[in-house]
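1. Starting from these lines, generate the structure:
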Amino acid sequence: MESRKATRRDFMKIAGRCVAAGIAASVVRRPLQAAGKLPNFVWLLSEDNSKHYMKLYDELGAETPRIAELAREGVIFNHAFSNCPVCSAARSTLETGCYGARIGTQFHRKYRAVPLPEGLRMFPVYLQRAGYCTSNKKKTDYNFKAGKGGWNSSKDWRGRKSGQPFFHKQSFATTHEGRLHRIRAGGALSEKERRTFVHPYFPDTPLFRRTAATYHSLHRKMDGEIGRVVDQLKKDGLLEDTFVFYFGDHGGVLPRSKGYVYETGLHVPLVVRIPENFRGLVDLKRGTRVDGFVSFIDFGPTLLHLAGIKVPGAVDGRPFMGPGVSLADLNARDETFGTADRFDEKYDMVRSLRKGRYKYIRSYQPFNFDSLQNNYRYKMALVKQMSERDLRLVGTFRKELA
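-> Presented below is the predicted three-dimensional model:
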């Protein structure tokens with residue numbers, strides 16, 4: 001075939017096809033955003049609970065029917081992780097998308113708030129700049145200097161302008177560690193307490209059974225609170241325009257969880273309800289489970305990506321939902337990092353890496369064998385029982401249950 005020199009007309013035809021293809025792709029990817037409509041986001045966080053106490057993840061866990069309903073209309077993430085096993089450090093990671101040990105926010109609680117890396121703001125600020133109304137109900141004990149902006153309200157989305165997109169974050173303290181401080185030994189166990197499962201790494205005593213049963217009951221109460229927020233979204237006609245995230249803020253709250261980089265300290269439940277009107281934004285089908293690993297550093301970047309906002313280069317996380325994020329790519333992710341440092345008055349320095357089904361934990365203070373004897377923990381009677389090594393009841397109790 002005889003070749004000929006390309007003309008300006010040939011170039012313009014090719015360029016026109018490329019532009020048209022790009023426009024078509026953007027319309028397919030973001031069909032509702034092309035009409036000026038942006039998705040809403042709601043984060044619902046239960047405090048101090050890992051995934052190990054919920055039936056969604058463990059058949060012996062507590063029933064949470066309202067969260068299960070969200071899962072049927074969305075996805076369950078089998079491997080979601082906090083990067084820190086305590087609240088202020090975990091919250092600082094969520095708001096910044098950065099590892100606490102890199103930016104200095106890993107200590108709970110702070111003696112002095114640290115400045116964020118130059119040019120970086122917490123991610124709700126970027127949503128505000130894009131026109132979102134942001135609300136936080138209501139914890140803000142960050143370990144960094146937040147600066148101005150970030151939150152428009154400490155209530156919810158109902159005070160925003162008509163048609164304005166929103167991001168609402170709400171914490172539920174129902175499952176918090178402090179709710180178990182008043183439980184004491186003594187008296188006969190109820191049938192429900194006797195039947196409650198106690199993990200094999202705990203001493204199987206009546207006090208542990210009672211405490212675990214109470215913790216399950218608190219999960220069921222928290223589930224109802226989550227459901228009421230979802231009901232309000234539906235009543236307001238917003239549910240099918242809103243991505244609803246439910247997750248735990250870190251592990252807890254029985255011993256060996258909160259404050260530790262074990263799985264019970266970092267592995268949290270995560271359910272994301274996918275709204276009908278924005279199903280085209282994600283490569284995930286309703287009613288499925290995802291095996292890929294996601295961490296708190298990824299949560300903020302995911303919201304920015306879903307909203308069409310450029311993710312700042314200074315963050316450590318990357319989106320796990322939205323255009324260009326395929327299910328195959330997501331399921332290929334199999335790493336998560338964890339850090340444990342100071343908790344209140346006690347110092348510790350531990351790092352963890354989980355790669356697939358294997359986990360490496362390194363303590364930089366192995367000489368300090370009782371570094372986590374945190375006084376707040378000892379308000380819980382079962383922690384006192386363990387510390388006193390008063391475990392002679394275990395054998396007798398097991399015989400009674402047999």
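
2. Now do the same contact list for V114.
-> Under the criterion of Cβ atoms under 8 Å, 6 or more residues apart in numbering, the contact partners of V114 comprise 103-105, 143-145. To be clear about C-beta, it is placed using only N, CA and C from the backbone, and glycine gets the same treatment.

3. Checking the residue nearest the centre of the chain next. Helix, strand or coil?
-> Central residue check for the chain by Cα atoms, centre = their mean: the C-alpha nearest the mean position is that of F247, 4.3 Å away. Judged by DSSP: H, G, I helix; E, B strand; the rest coil, the three-state class of F247 is strand.

4. in stretch 119-131, what's buried?
-> Neighbour-count burial for stretch 119-131 flags 120-128 (criterion: 16 or more other Cβ atoms under 10 Å).

5. So which of these are in helices?
-> Helix and strand membership here follows DSSP state H; of the buried residues of stretch 119-131, those in helices are 123-128.

6. hmm, back to that, nearest to R333 among the buried residues of stretch 119-131?
-> Nearest to R333 among the buried residues of stretch 119-131, counting by Cβ to Cβ, is F123 at 20.0 Å.

7. and that closest one, what does it touch?
-> For F123, the contacting residues are 95-97, 300-301, 303-304, by Cβ under 8 Å, 6+ apart.

8. Break down this structure into its helices, ranges please.
-> Along the chain, the segments classed as helices by DSSP H run 8-29, 65-72, 87-96, 100-103, 123-129, 191-195, 206-235, 263-266, 296-306, 327-331, 381-387, 393-401.

9. Tell me which of these is the most buried.
-> Across the helices of the chain, the average number of neighbours (mean count of other Cβ atoms under 10 Å) peaks for helix 87-96, which reaches a mean of 27.

10. ok, and what's touching it?
-> The contact list for helix 87-96, computed with Cβ under 8 Å, 6+ apart, reads 47-48, 82-84, 99-100, 103, 105-110, 116, 120, 122-124, 139, 141-144, 146, 150, 249-250, 296-297, 299-300, 315, 339, 341.

11. Quick one, which of these are buried?
-> Burial by neighbour count, judged by 16+ other Cβ under 10 Å, picks out 47-48, 82-84, 99-100, 103, 105-108, 110, 116, 120, 122-124, 139, 142-144, 146, 150, 249-250, 296-297, 299-300, 315, 339, 341 from the contacts of helix 87-96.

12. Mind pulling up the pLDDT for the closest residue to L327 other than its chain neighbours?
-> The shortest distance from L327 to any residue that is not its chain neighbour, by Cβ to Cβ, 6 or more residues apart in numbering, is 4.9 Å, and that residue is D283. The model reports D283 with a pLDDT of 95.

13. D283: how many residues sit nearby?
-> By other Cβ atoms under 10 Å, 15 other residues sit near D283.

14. what does Y201 give?
-> Neighbours of Y201 under the rule other Cβ under 10 Å: 10.

15. before we move on, what about P200?
-> 6.

16. Check the gap between it and L60 for me.
-> Taking Cβ to Cβ, to the nearest Å as the measure, P200 and L60 are separated by 11 Å.

17. again with K235
-> Distance of K235 to L60, computed by Cβ to Cβ: 35 Å.

18. next one: S154
-> Between S154 and L60 the distance is 38 Å, computed by Cβ to Cβ.

19. More neighbours: which of those two?
-> Applying other Cβ under 10 Å to S154 and L60 shows that L60 carries more neighbours, namely 13 against 10.

20. Could you find the closest non-adjacent residue to that one?
-> Setting aside the residues directly before and after it, L60 is nearest to F197 in space (Cβ to Cβ, 6+ apart), at 4.0 Å.

21. Is that neighbour in contact with A62, as I believe?
-> No: with contact defined as Cβ atoms under 8 Å, F197 does not count as touching A62 (10.2 Å).

22. These two: who's more crowded?
-> Residue environment comparison for F197 versus A62 gives the larger neighbour count to A62, 23 against 14, counting by other Cβ under 10 Å.

23. which residues does the more buried one contact?
-> Residues in contact with A62 (Cβ under 8 Å, 6+ apart) are 53-55, 215-217, 219-220, 223.
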